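A.B. asks: sequence and computational prediction follow.
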Amino acid sequence: MILLGIESSCDDTATAVVEDGRRVLSSVSTNQDEFHAKYGGIVPEIASRQHVALMSAAVDDALERANLALRDVHGIAVTRGPGLIGSLVVGVAAAKALAFALDKPLFAVNHLHGHIFAAFLDRDEAMPYPFLALLVSGGHSQLVEVLSAVDMRIIGRTRDDAAGEAYDKTARLLGLGYPGGPQLDALARKGNPKAYAFPRHRPDAGTLDMSFSGLKTSVRYFLESEAGRNADPADVAASFQAAVLDVLMARVDAAYRTGDYQALVLSGGVAANSGLQHAVRAWGEANRVPTFIPPPRYCTDNAAMIAAAAYHQQEFVRADALTLSADPNLPFLLAAI
């Protein structure tokens, strides 16, 4: 089964062609960093306009790289939500038009579910249900219990800033460019993670939730102090990252012990972070737990993960090409459309 995937939930215009939910025949993604850099963050109106300008060419590009024509695909998969409404509308409209014109099935996918399936792209291993997923991105930090392709629930989440959001805000405090997360990760590799003892905030006992806003605020106050003004930015970055990783891995360890899980999956844009990848692999080796981490190209927003999710969830996400609508607040729990 060959699916054409379309992802436009934020500022990446992404298309892909995937066979049987695993084999990626092509994956195309055009980011808009240069359009948003001068604003220090994503401008929704600019993002949606760029999707309009790029979508048709992105679809053609993905098909050409896969050496296929539109008539060769068996269905269209698209991100329905969550995300920026203007960006989502462009992708959903394109997918509906293609599905209707070609008389092909249409599949509406939850963006976050796609991130979880990204860990199994271009791999032959069977999905090790049940497994625990740590999903970390600019907008989400979640621990997800995955019992099957269509049965998953959030068991822990951030109560304020997501980890990726904390990275971006701290990067701005350090005067790094946009996007800040990857630049902070690179800077942290040059610093001492034990230079400064930033707080590791953990919400109430008995919960698997997380919190990162206090950490970001602590870094800001430190940088405004006399000691902070003379601090090595690399040491600050490394110490900040060490605090984030300690919180994430402490929650992973506690969550894993609550169920009979067979593996740990790391996913989401922050999964490309070198420090987090190292921490997850080290935890897996120490606890003899298999770990699954997508290659960097599948950590950030991409359409291959959307096509993969559609393949595995197709009975639940089959949609009507005439009535499907984008949903920026799409619930995580899967319900038949």
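C.D. replies: Done, it's in.

A.B. asks: next, the contact list for R123, please.
C.D. replies: 22, 292 (C-beta atoms under 8 Å, 6 or more residues apart in numbering). Yep, even glycine has a C-beta here, placed from its N, CA and C like the rest.

A.B. asks: tell me the secondary structure for it?
C.D. replies: Of the three states, R123 takes coil according to DSSP: H, G, I helix; E, B strand; the rest coil.

A.B. asks: quick one, phi psi at it?
C.D. replies: phi -130, psi 150 (degrees, to the nearest 10).

A.B. asks: ditto for A237
C.D. replies: In terms of degrees, to the nearest 10, the main-chain angles of A237 are phi -60, psi -40.

A.B. asks: pLDDT score for it?
C.D. replies: The model reports A237 with a pLDDT of 97.

A.B. asks: and what of the one 4 residues further on?
C.D. replies: Q241 carries a pLDDT value of 97.

A.B. asks: just give the nearest non-adjacent residue to it, would you?
C.D. replies: A188 (4.4 Å; C-beta to C-beta, 6 or more residues apart in numbering).

A.B. asks: any idea which residue of this protein is furthest from its center?
C.D. replies: Largest separation from the mean C-alpha position in the chain: E226, at 37.1 Å (C-alpha atoms, centre = their mean).

A.B. asks: quick check: pLDDT value at that residue.
C.D. replies: 92.

A.B. asks: could you do M249 as well?
C.D. replies: At M249, the model reports a pLDDT of 96.

A.B. asks: in the helix or strand encompassing it, which residues are buried?
C.D. replies: For M249, the host element (DSSP states H and E) is helix 233-256. With burial defined by 16 or more other C-beta atoms under 10 Å, the residues of helix 233-256 counted as buried are 233-245, 247-249, 251-252, 255-256.

A.B. asks: which stretches of the stretch 1-150 of the chain form helices?
C.D. replies: Counting by DSSP state H, counting those that start in this stretch, the stretch 1-150 of the chain has helices at residues 33-36, 44-65, 85-102, 111-118.

A.B. asks: and the second one, how far from the chain's centre?
C.D. replies: So that's helix 44-65. 20 Å (C-alpha atoms, centre = their mean, to the nearest Å).

A.B. asks: which strands and helices sit next to it?
C.D. replies: strand 2-7, strand 13-19, strand 23-30, helix 33-36, helix 85-102 (3 or more C-beta pairs under 8 Å, 6 or more residues apart in numbering; DSSP states H and E).

A.B. asks: related to what we said a few turns ago, dump the residue contacts of the residue farthest from the centre of the chain.
C.D. replies: Listed by C-beta under 8 Å, 6+ apart, E226 has no contact partners.

A.B. asks: likewise the one 10 residues further on?
C.D. replies: Listed by C-beta under 8 Å, 6+ apart, the contact partners of V236 are 174, 191, 195-196, 219, 222-223, 228.

A.B. asks: for stretch 156-167, which outside residues touch it?
C.D. replies: Taking C-beta under 8 Å, 6+ apart as the rule, stretch 156-167 contacts 136-143, 169, 180-181, 184-185, 203, 207-213, 215-216, 244, 248, 251, 255, 268-270, 273.

A.B. asks: ok, stretch 45-64 next?
C.D. replies: With contacts defined as C-beta under 8 Å, 6+ apart, stretch 45-64 is touched by 4, 6, 8, 10-11, 13-17, 26-28, 30, 32, 35-36, 69-70, 73, 84, 86-87, 89-91, 94, 98, 303.

A.B. asks: just the buried ones from the residues you listed, in PyMOL syntax?
C.D. replies: To isolate the buried ones among those in PyMOL, judged by 16+ other C-beta under 10 Å, type:
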select buried, resi 4+6+8+10+11+13+14+15+16+17+26+27+28+30+32+36+73+84+86+87+89+90+91+94+98+303
